[in-house]
Structures are given as structure tokens and as C-alpha cells.
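A.B. asks: Sequence and predicted structure are below.
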Amino acid sequence: MKKLFFILPVVIIGFIIMTGQKAEELQEDPRWNTPRSVMYLSGDYSPLPVVNNDIHQFTYSPKIHNTPIGVLTTLPNVRVLPSTVTQQTENIIVRSPVDPNILFGSSNSARLTGGSFINSGSYFSSDGGLTWRSSDSIVAPNFNDQRGDPGPAIDKNGRIIFTHLTSSTNFGGVTGMGANYSTNNGQTWSATFQVVNDASADKNLAGTDDSPSSPFYGNSYFAWTSFGTSPANGRAARTTNGGVTWDPQVIINATPSGHNAQGHDVAVAPNGNVFVAWTAGVSSSPFTEDYVGIAKSTNGGVTYTATENAFDVNGSRSTSFNGWGIRTNGFPRIAIDKTNGTRRGWIYIVTSQLNLAPAGSDADIILRRSSDDGATWSAGIRVNQDALNNGKVQFLPAVCVDDAGGVNVVYYDNRNFPSVGDSCAVFISRSIDGGSTWTDVEVSDHHFKPKGATGFAGGYMGDYIGIAPSVGKVVAMWMDDKAGVAGFFNTWVGALQITTYPLNAFNLLTPPAGSTISSFLIQIHQLL
């Protein structure tokens, strides 16, 4: 299956000098914004070369999985922007509410040699993730104020809202949080709106109100941590005009003593209520995540009411995880069912945790759900279905709800390899009963050995990955170094095609009366 990629040429002008930071210093810092480089960066900028279409694929045919919940088909993986000069880590992907075929993804994008820079990748697909138009930077008027930590959303008008850390010099110190918007699917971007000046800002993600029945339809929101207070607490901001301007930040919680609020994620319910989730990690090394906090706004992001300890966790945060020497976290990811099904409005939060049931002694993915607008939360439900306490680890999860109301969780997983220090894959677990039971499918068609990205301190490989629904499938986006030099990470996508009936119910070419099947699956059948 041929994949076509188009690269946006970017001209970058500027000058940068940066000193490194020792790995041990980073490891003792609870802030996990874009990692410091251990390299000395300098040099004049020159036009970025157009990356050729060296699309390294490991498979070219879909794989059909006959599972207890029906046919699940995984598609061949592709790199959205093959590169041997720019590291791509920390991936996120979102879907347009205007056209479910439109996806936008991003990454931390960093070049450490020859015209060094840090920015964010811009990855756009109009066909549900089959092909991508990609650039290794956000083409905004000021290249230097993009400091990484991408947190995009796509609003009701199809406008891409892009939130991020800011800086005054390329690869310089953090100056706060900012946002841009694009009205042409990421080809060009507005100037950065500086939402807050705060050198202690860290780790943001965003969400948007795309429910026409909501009184705040069209608002977009993002949230982050400020380490400018002790303990660190959460902040949020909103735009009511598609990112043209942003209201001043509001403080959303008052973290209890001995903890730091960190790892914020945002989702908006069909009724317009805004939910922000974070973990409260202990304030001393190793900063383990202790519980999940939830802030809720019922007035369109003007004010928030916080539940500091919504439920307990014991996160998988580490600076040298599972023999790989990488840093990991147990930060939460959140998604809300916006379908018209019986679980409309249900809220789902996933974390990676261990040594706290239902997780075992190794890191597992645990889900909590709320069916009453965040008032109460279920007991933990173990998502990954490998054997408990088998020494295998699952980490960096992300969650989405698809158009059929299915709950889908993507994560890294080493269940098929030696327990410590060996290879890893990417899995998606899917539930069609609101998270009560799960089916696991490997979505990656290749494997890699986790490791710190070359040139970065503290075992940094990227702190999150992403998943989003599209038409008849969910699309995962992650980073690995399989196709290039070891330790040099690129962004990959893989998709899980979904049907809602068992494989033995019909012949793929002649479905029973009253049922339908996508032409995509018919084509797959003809290929096999």
C-alpha cells in the first residue's frame, strides 16, 4: 500500500547558544518540560532540507485479528516525516469535529547538529491517517518562541489551536505558555499569543468544546503546571474566539502540602463542563504519583472546583525505567464519550501504575470511569490483559472514545519479550462495554528497544503518545527509533480498523441482509 508524504519547506533564521545540563540535575527536578540537551548548541540557521520519501515500512498488508469482540484489523505502520536529522518525540494526535477524516499530530521536534533548533512537528492528514503532509516545525512568524510540549486541539470551525511552552530564544529557557492557531490545516500559523509569562510553567495539554448543544460551544481550553508556587499547582486558560486571544490564566487547585500537581490533560463533556485531570506526585525524589486530582468548570472555564484526591494511584514514574534507562511517568490521560449512545457523557481516565491493585508488581494500565459527570469514580480496572505479575510493563497510555462508543487505550508494552531491558511494542486495548472488559491487539508491526534519545539528558524518550478516532478506525501516534540510527526517534502512526460484528457471522464479500461492511475491509479480504 503506497504512502505519499509531502514536506513543507521551512526557512529558519536565527542564532542560538545554549549550555548543557547534567543528567543527574534533571533527574532531581520534578519539572518535566522539554528536556535540556547535554550538547553545546550553536550555529547559523540555513534552510531545512526537504526530507526524501524514504518511507521505511515493515509490513505492506493489513493484519486481521479475530477477537471475542469481532474483527479488529491493524494497518501497516508508517513514519509521518522520515528524518535522520530531526528527533521527533512526545507525540499527540487530535481529530477535527468538522471532518472526522482530518487528523492533526505533533511532536517535540529537535535538531542538535548543524542549525540546531527546537520546535514542534506539524503533521496533517485528510484521509484518516493514510497519508500525511508534514513539517518539522510550526511555521509561525517567530520561530524562536516555540519551546516544545505540543498540546493541540481542533475547534468547531476546523481551526487548529496549538498550545505550547514558549521561549525568547531558540532552545532557550522557558518563558511561559503560549498558543497559535491555523486556519489552513497547519500550513501557516498565527503569531504566538503569550498566555502567561511564567518561567516555571510545565507540561500542558488542551481540549475543545465541539458539542453544538453546549452553552460554551466553540471554547477551547488548556491546562498546565506552575512550579512557581510551593507546592506546584495547576493553571488553565480559555479562548472564546478560536485562539485569537486568550483570557488570563486561572488557578484551578491548591495542591496539598508534600505534593506537586503535574501532568494535566483536558476534556470537555457534551454539556459543556470542562474537566482537567492531573496527578499529585510526592514532592521529593522519585516524585511518584500518589493520587489523581480533578478540576471541573461548569461556567465555560471561568472558574473551577477541584477534587484534590479523586482516587489513589501509585504511578510508574522513574528516571531509569525497567532496565532501559528511560524516564517514564504515571500522568493521567482523559477522554469523554460524546456519542449519542447509552454512555454519553461518561468520563474515562487512564494511568500507568504498579503495586496498587488492580495493578500488579510491574507497571500496568489502569482505568477509572465516572458515569455521573465526575461526582464519583469507579474502582480501578486493569486494561492490559496479559498475566498479572508476569514481570512485563505497560506505560505511557493515552485514551480516546470512538464514534461507536468504544474506549481505546494505546500504550507501550514488552509482554512478548524478556522482562527487563529488551524490546517493546505498541498495543491498543479496546472495550465496547464502557471499560468493564478489554481486548488487546498489537498495533505496531515492528519492535524497538526503548532508550534515551541521543543528545538529551535524563533518559528522555518522550513523555506521552496519542490516539484519536477517525472514520471506522482509531489512529495511534508514537515515537520509536526502529527505522534509523539507534537512539534517533521518529514519529510513527498505526491504525486499528474496527467492525462491530463477529467474524463468523458472515462472509466478508456477502454480508447478511440488514448489515453493512466498509469497502476497506472488502479490499483487505481481496488482498489476502
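C.D. replies: Received the coordinates, thanks. Treat the numbers as computed from the prediction; the structure is a model and nothing was measured.
A.B. asks: tell me which residues in stretch 80-88 are buried?
C.D. replies: 80-83, 86-88 (16 or more other Cβ atoms under 10 Å). Placement of C-beta: from N, CA and C, glycine included.
A.B. asks: same check, this time on stretch 155-165
C.D. replies: In stretch 155-165, counting by 16+ other Cβ under 10 Å, buried: 155-156, 158-165.
A.B. asks: now that stretch, how far from the chain's geometric center?
C.D. replies: 15 Å (Cα atoms, centre = their mean, to the nearest Å).
A.B. asks: how about the CA coordinates for that stretch, as PDB?
C.D. replies: What follows is stretch 155-165, C-alpha atoms only, in PDB (Å, rounded to 0.1, in the frame of the first residue of the first chain):
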ATOM      1  CA  ASP A 155     -12.200  23.500  17.300                       C
ATOM      2  CA  LYS A 156     -15.800  23.600  15.900                       C
ATOM      3  CA  ASN A 157     -14.700  25.600  12.800                       C
ATOM      4  CA  GLY A 158     -11.800  23.200  11.900                       C
ATOM      5  CA  ARG A 159      -9.300  25.700  13.300                       C
ATOM      6  CA  ILE A 160      -6.200  24.100  14.800                       C
ATOM      7  CA  ILE A 161      -5.400  25.500  18.200                       C
ATOM      8  CA  PHE A 162      -1.800  24.800  19.200                       C
ATOM      9  CA  THR A 163      -0.600  25.300  22.800                       C
ATOM     10  CA  HIS A 164       3.000  25.000  23.900                       C
ATOM     11  CA  LEU A 165       5.800  26.200  26.100                       C
END
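A.B. asks: wait, doesn't residue 475 sit right on residue 467?
C.D. replies: Yes. Contact criterion Cβ atoms under 8 Å: residue 475 and residue 467 qualify, at 7.0 Å.
A.B. asks: intersection of neighbour lists for the two?
C.D. replies: Residues touching both residue 475 and residue 467 (Cβ atoms under 8 Å, 6 or more residues apart in numbering): residue 93.
A.B. asks: okay if I get the buried residues of stretch 155-165 as a markdown table plus pLDDT, secondary structure and distance to residue 195?
C.D. replies: Formatted as a markdown table, these follow (pLDDT from 0 to 100; DSSP: H, G, I helix; E, B strand; the rest coil; distance: Cβ to Cβ, whole Å):
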| residue | pLDDT | secondary structure | distance to residue 195 |
| --- | --- | --- | --- |
| 155 | 98 | coil | 16 |
| 156 | 98 | coil | 20 |
| 158 | 98 | coil | 22 |
| 159 | 98 | coil | 17 |
| 160 | 98 | strand | 16 |
| 161 | 98 | strand | 11 |
| 162 | 98 | strand | 12 |
| 163 | 98 | strand | 8 |
| 164 | 97 | strand | 10 |
| 165 | 96 | strand | 11 |
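A.B. asks: quick one: which two of those are the most distant?
C.D. replies: 156 and 165 (25.9 Å; Cβ to Cβ).
A.B. asks: surely residue 231 meets residue 261?
C.D. replies: Yes. Between residue 231 and residue 261 a contact is recorded at 7.2 Å, counting by Cβ under 8 Å.
A.B. asks: Which parts of the chain are helices?
C.D. replies: Taking DSSP state H to define them, one finds helices in the chain at 23-27, 519-527.
A.B. asks: show me what contacts the nearest residue to residue 211 once chain neighbours are set aside?
C.D. replies: Using Cβ to Cβ, 6 or more residues apart in numbering and skipping residues adjacent in sequence, the residue nearest residue 211 is residue 270, 4.4 Å away. Shown in contact with residue 270 (Cβ under 8 Å, 6+ apart): 211, 213-214, 336, 338, 344-345.
A.B. asks: Sort out for me which of the residues you listed are in strands.
C.D. replies: Members of the contacts of residue 270 lying in strands (criterion: DSSP state E): residue 336.
A.B. asks: Would you mind listing which of the contacts of residue 270 are buried?
C.D. replies: 211, 214, 336, 338, 344-345.
A.B. asks: ok, of the residues you listed, which one's closest to residue 361?
C.D. replies: residue 336 (31.6 Å).
A.B. asks: so what's the closest residue to the closest one other than its chain neighbours bridging to?
C.D. replies: Excluding the flanking residues, the one nearest residue 336 by Cβ to Cβ, 6+ apart is residue 267, at 4.7 Å. For residue 267, the beta-bridge partners are residue 275 (DSSP bridges).
A.B. asks: What score does residue 267 have for pLDDT?
C.D. replies: Residue 267 is assigned 98 on the pLDDT scale.
A.B. asks: and residue 356, what is it in contact with?
C.D. replies: 312-314, 380.
A.B. asks: I'd like those residues laid out as JSON lines, including neighbour count and pLDDT.
C.D. replies: Listed next are the contacts of residue 356 as JSON lines, based on neighbours: other Cβ atoms under 10 Å; pLDDT from 0 to 100:
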{"residue": "312", "neighbour count": "12", "pLDDT": "97"}
{"residue": "313", "neighbour count": "26", "pLDDT": "98"}
{"residue": "314", "neighbour count": "19", "pLDDT": "97"}
{"residue": "380", "neighbour count": "20", "pLDDT": "98"}
